[in-house]
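Participant: Pasting the sequence and the predicted coordinates here, then a few questions.
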Amino acid sequence: MSEKSKIRVLIAKPGLDGHDRGAKIIVLGLRDAGMETIYTGLRQTPEKIAQVAIQEDVDVIGLSCLSGAHKYLFPKVVELLKAKGKEDAMVIAGGIIPQNDISFLQEQGIARVFGPGTSIKEIADYIKQHIKKQ
Amino acid sequence: MHEMSSSMVTRLINEMLEGNILSLARLVTLIESEDEATPRIMKSINAHLGKAYRIGITGPIGAGKSTLVERLTSLLRGQEKTVGIICVDPTSPFTGGAVLGDRIRMQKHDLDDGVYIRSMATRGSLGGLPKTIHGVIKLLDAFGKEMVLIETIGVGQTEVDIMQSSDLVIVVLVPEAGDSIQAMKAGLMEIGDIFVVNKADRPGAEDTLNNIKAILKLNAERSNYDIPVVATEAVNNKGIKELYGQIAMKRQLLINNGQFAERRRKQRQSEFIETVINRITSDVINRLTTDAILSRYKEDVENGKLDPFTAANEVYKSIALNGKP
Amino acid sequence: MSEEIEKIKGERKKWEEKVIKPSLDRFGLKESPNRFYCPADLENFDFLTDVGFPGQYPFTAGTYAVIPYRPALRGSMPGGSGLVRAATYSGYGTAEDTRDYYMQMQKLGQRGGPNLAFDLPSQCGYDSSNPMVRGEVGKTGVAVDTLRDFEIIYEPFQGDLNLDRIASNYTINAPANIILAMYFALAEKRGISFDKLRATPQNDILKEFVARGTYIFPPGPSMRMVRDSIVFITKYCPSMNINQLGGYHIRQAGATRAQDLAFSMANLIAYIKEGIRAGLDVDEFVPRFTVNSFGGSMEFFKEIAFQRAARRMWAKILKERFGAKKERTLLLRAGLHANMGNENCTVQRPLNNITRAVVGAIASALSGGMPIVYPPYDEALGLGWSMEASQLAQDGARILQYEAKLTEVLDPLAGSYHIESLTNEIESAAWDDLNKIEAMGGAVVAIENGYMQREIAKGAYERQKRIENGEDLIVGVNCFVGEDELEVMTTRLVPHPYDPEKREKAEEKQIQNLMVVNSIRDNHAVSKLLNDLRVKAKDENENLIPTFIECAKAYVTLQEMCDVLRDIFGEYQPIAL
């Protein structure tokens, strides 16, 4: 990675869930870890998330959902990214996601699910270590 | 960020010219990261430039620029014009990171293929715009966007930067105490082709409008030009049509009086000189470290043995007389 | 009086030099980790002005003077006067699923009315069939699309449990008036007059914009809807509450303690102004305002002081700013009081959350509330409360009340130099924040320009940073972890009151149900009513609730009504961070 490039992260909240405290903390925290974070706010449809990810050429997409609709919404985002040819971004997730759903999500293309209480440092380190280098 | 082969870059450029958004986005990243492929990319797209009309939109935080850009875009799309939007936010000087949150206000256009929105951070640039923005604007131009809107905060040396990269500058203010004074301080009064008082339903709007008109008249050089001041309420979708009307009129006026062409000429000139300077500068700095003789001069100055002026003179003589540029 | 204070100040200085300093030197400390409060910290204290008696202005010591607590039945929460109010927050899947759940609960002896949780599509004004809400139907609560769903949910509530005998609670905000319209329509169908209805809608839209996210329309039109509810309920429903306000969500979203109070008061003021603008007297409608609760934290003494400051501030605002004449108007009627703060539940070593919840319950009991141990310890595990956790919570409350006898004395810390000075401090900080907002033009302006949202995000981030760098200590999370610390776990028997299979199938079923309703109803009448709504919505002075009731009776859907309003009011555009 060249010196002049930055890690670009899209933090998105798919679906209707309105609890954005965690998402906002991550946005600010990743900024302080030296990354450029694009926050698109609440009520993002999977289609919009994919489109923004493509236009902004992000390296990471972080999905947050606390309403239980993650099993439908998260795989949908991954599916749309694939369909539109954006496969180089890492998709990570957070929110209220039961242990039992984690392996399902990972099978669907979510690289890692971060539970409540995960530190910003852990997420930032994970991103830095795992983003794809072509 | 990615190691790109020459053929990959060629592929990206061709795909971008055919309208592929993924490739456009990739190229923007390469330019933004000052990738070594930049000169190649700029050369390849040069023949495709010139059609985009570039509007810079600047003003203090909270003026409602993003909402204004969104409303203007709706209007432009209504006229079937394709739009490229660049939103600029400041990079934190302490951490090097940035929060890019302007496009949240423009989400209405997220799924419109005729609109391309890109968020950029200033990345250490002292002015209001990242130094790579010229290249990014050119990419949007080559891609075929008829209008390119550049939204930025009016701080630092914005006036210099934004004049370098747009055909028309709109300065957006709000009717709060002191705003027009602040704008004057920031040099924004010198560069606006059109002034907007947004949130015009707030108290003091009338006064702010008059203040701005008065200040513009005071500026002798520009008092001859018709610099429109428009009142808008972007959130309520009021005044947007009037603003667009003024933009269209100003655009035509600047073409008619030769200003449009003159500005572009000056911009190309500036860009050329800057590119030359950057090229020379990076080369010299490199040589001061790697060249055995030249790096000695550097050390001597650092150790206090030699004064910088004598050293610089020797270095210049050496490079100008002996070395290739 | 001040002579005495001067003397004490002198003595304090001597004490600091003679007793404190040598100890600090001995321990090698610059500053003492302990503080001590004395009369000098409370110079202008006046009992009658600053504290007063419980149930009397300024209510610092408590909203009520006599609180006959009664043991609560399993699965319900004791109300303000010890009466059992609505049942536990509940609802999921389709209306049938929720109805069946209530039938089950009634078999187990529950006599309370529904305390309805709605799913997100309903809270955001969308029908279950809207492709945009796929995956969300029936998840966080029951899906309500039309009056039919209400009719089904209330099937178990007939006879001596009919609408006029039970209290209903609706955690609904943006479309509150429409949901209430369904409730009213149901009452009409059952021949029950509105003046007999007992219900509480949450109806606190301003906090949605800054902390909870289930908004629909922009702040302006949303306040018009609030006005409609204030006027309608005041006029026709003397036994209903108008709303359930409070900083709970605001604090959970990241606000500081002072901001929790300040932003809540700012919102309260904005709502009061709507009622006044509509021509009502504060004494007519404010007695029907209730408080959900204010946010909580583990800082025991500060939360006690907070509750006292909150009551005093509320009363002051209503008396001094709005000229309320009746005592009843000045009461801060809250369901839940001081608590540990939901977001302080840890996923690590969950049993520690019992200890934390008990601390919160003691704080509540010592500050004019009931000793409610909340939440149950497995809240953070996110899979529903287990029977053990619920039982422990309930027994906790009973132990505090009957064994520790915490409720025998009201406001036992009144007069404490520490608590009184802390109460003053918190109130003063809240006034500072409130005045900032009022100077901007009030809560609505502070929301439109993003001030509240930014402050809350800042607060959340600062707290996270303090946790990550160890400035804020959380036991078992960022301190006292390691190999020699036990992970005490316990098996949980989650009773699955909600059948997970039903929950998964709910979306499909509800979409089918909706299709049936749409095909059976008189669609011609629906069009006419929607046109009528459109015309009335354009007139700022029209109260839309009667129109909503007519629409509800004709089985117009929630989204159909909201879409008309979206057209005319617009949709809320969120602020950038």
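Facilitator: Done, it's in.

Participant: And the pLDDT at C:Val210?
Facilitator: Predicted confidence (pLDDT) for C:Val210: 94.

Participant: no wait, C:Ala86
Facilitator: 46.

Participant: now do C:Arg165
Facilitator: We have a pLDDT of 93 for C:Arg165.

Participant: In three-state terms, label it for me.
Facilitator: coil (DSSP: H, G, I helix; E, B strand; the rest coil).

Participant: Could you report the distance from it to C:Val444?
Facilitator: C:Arg165 sits 38 Å away from C:Val444, going by Cβ to Cβ, to the nearest Å. No exception for glycine: its C-beta is placed from N, CA and C like everyone else's.

Participant: When the two are compared, which one has more neighbours?
Facilitator: C:Val444 (22 against 15; other Cβ atoms under 10 Å in any protein chain shown).

Participant: Give the full set of residues in contact with that one.
Facilitator: By Cβ atoms under 8 Å, 6 or more residues apart in numbering or on different chains, C:Val444 lies in contact with C:Leu206, C:Pro219, C:Gly220, C:Met223, C:Ala270.

Participant: List, one by one, the residues from chain A near chain C.
Facilitator: Residues of chain A found near chain C (Cβ under 8 Å from any Cβ of the partner chain) are A:15-21, A:24-25, A:27-29, A:39, A:41-43, A:45, A:67-69, A:71-73, A:96, A:98, A:115-117, A:119-121.

Participant: for chain A, what spans make up the helices?
Facilitator: Assigned by DSSP state H, chain A shows helices spanning A:21-32, A:46-55, A:70-83, A:99-107, A:120-130.

Participant: is chain B contacted by the third one?
Facilitator: Think helix A:70-83. No. Figure legend: helix A:70-83 not in contact with chain B (Cβ under 8 Å from any Cβ); closest approach 10.6 Å.

Participant: Can you give the contact residues for that helix?
Facilitator: A:12, A:14-15, A:46-47, A:49-50, A:53-54, A:61, A:63, A:65, A:87, A:89, A:91, A:93, A:95, A:97, A:101, A:104-105, A:108-110, C:134-135.

Participant: Need the mean per-residue confidence for stretch C:53-60.
Facilitator: So the average pLDDT for stretch C:53-60 ends up being 95.

Participant: do stretch B:108-122 as well
Facilitator: 96.

Participant: same question, stretch B:205-218
Facilitator: The average pLDDT within stretch B:205-218 is 84.

Participant: Let's see it as PDB, backbone CA atoms only.
Facilitator: The C-alpha trace of stretch B:205-218 is given here as PDB (Å, rounded to 0.1, in the frame of the first residue of the first chain):
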ATOM      1  CA  ALA B 205     -31.900  37.200   5.700                       C
ATOM      2  CA  GLU B 206     -32.800  40.600   4.200                       C
ATOM      3  CA  ASP B 207     -30.000  42.300   6.000                       C
ATOM      4  CA  THR B 208     -27.400  39.700   5.000                       C
ATOM      5  CA  LEU B 209     -28.500  40.000   1.400                       C
ATOM      6  CA  ASN B 210     -28.000  43.800   1.500                       C
ATOM      7  CA  ASN B 211     -24.700  43.500   3.300                       C
ATOM      8  CA  ILE B 212     -23.300  41.300   0.700                       C
ATOM      9  CA  LYS B 213     -24.500  43.500  -2.200                       C
ATOM     10  CA  ALA B 214     -22.900  46.400  -0.400                       C
ATOM     11  CA  ILE B 215     -19.600  44.600   0.100                       C
ATOM     12  CA  LEU B 216     -19.500  43.600  -3.600                       C
ATOM     13  CA  LYS B 217     -20.000  47.100  -4.700                       C
ATOM     14  CA  LEU B 218     -17.100  48.200  -2.500                       C
END
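
Participant: buried sites along that stretch?
Facilitator: B:Ala205, B:Thr208, B:Leu209, B:Asn211, B:Ile212, B:Leu216 (16 or more other Cβ atoms under 10 Å in any protein chain shown).

Participant: So what does whichever residue of the stretch 401-550 of chain C sits closest to chain B have for phi and psi?
Facilitator: Proximity of the stretch 401-550 of chain C to chain B (Cβ to the nearest Cβ) peaks at C:Asn449, 6.8 Å away. C:Asn449 has phi and psi values of phi -90, psi 10 when expressed as degrees, to the nearest 10.

Participant: Surely it touches B:Ala63?
Facilitator: No. Assessed by Cβ atoms under 8 Å, C:Asn449 is found out of contact with B:Ala63, at 11.4 Å.

Participant: before we move on, what SS does B:Gln269 have?
Facilitator: helix.

Participant: And the pLDDT for it?
Facilitator: pLDDT at B:Gln269 comes out at 93.

Participant: roughly how far apart are the residue of the stretch 101-250 of chain C found nearest chain A and chain B?
Facilitator: In the stretch 101-250 of chain C, the residue that lies nearest chain A is C:Gly213 (1.7 Å; Cβ to the nearest Cβ). Using Cβ to the nearest Cβ, to the nearest Å, C:Gly213 is found at 14 Å from chain B.

Participant: Provide a list of residues in contact with the residue of the stretch 151-300 of chain C found nearest chain B.
Facilitator: The nearest approach of the stretch 151-300 of chain C to chain B comes at C:Pro218, 8.3 Å away (Cβ to the nearest Cβ). Shown in contact with C:Pro218 (Cβ under 8 Å, 6+ apart): C:Glu448, C:Phe569, C:Gly570, C:Glu571, C:Tyr572, C:Gln573.
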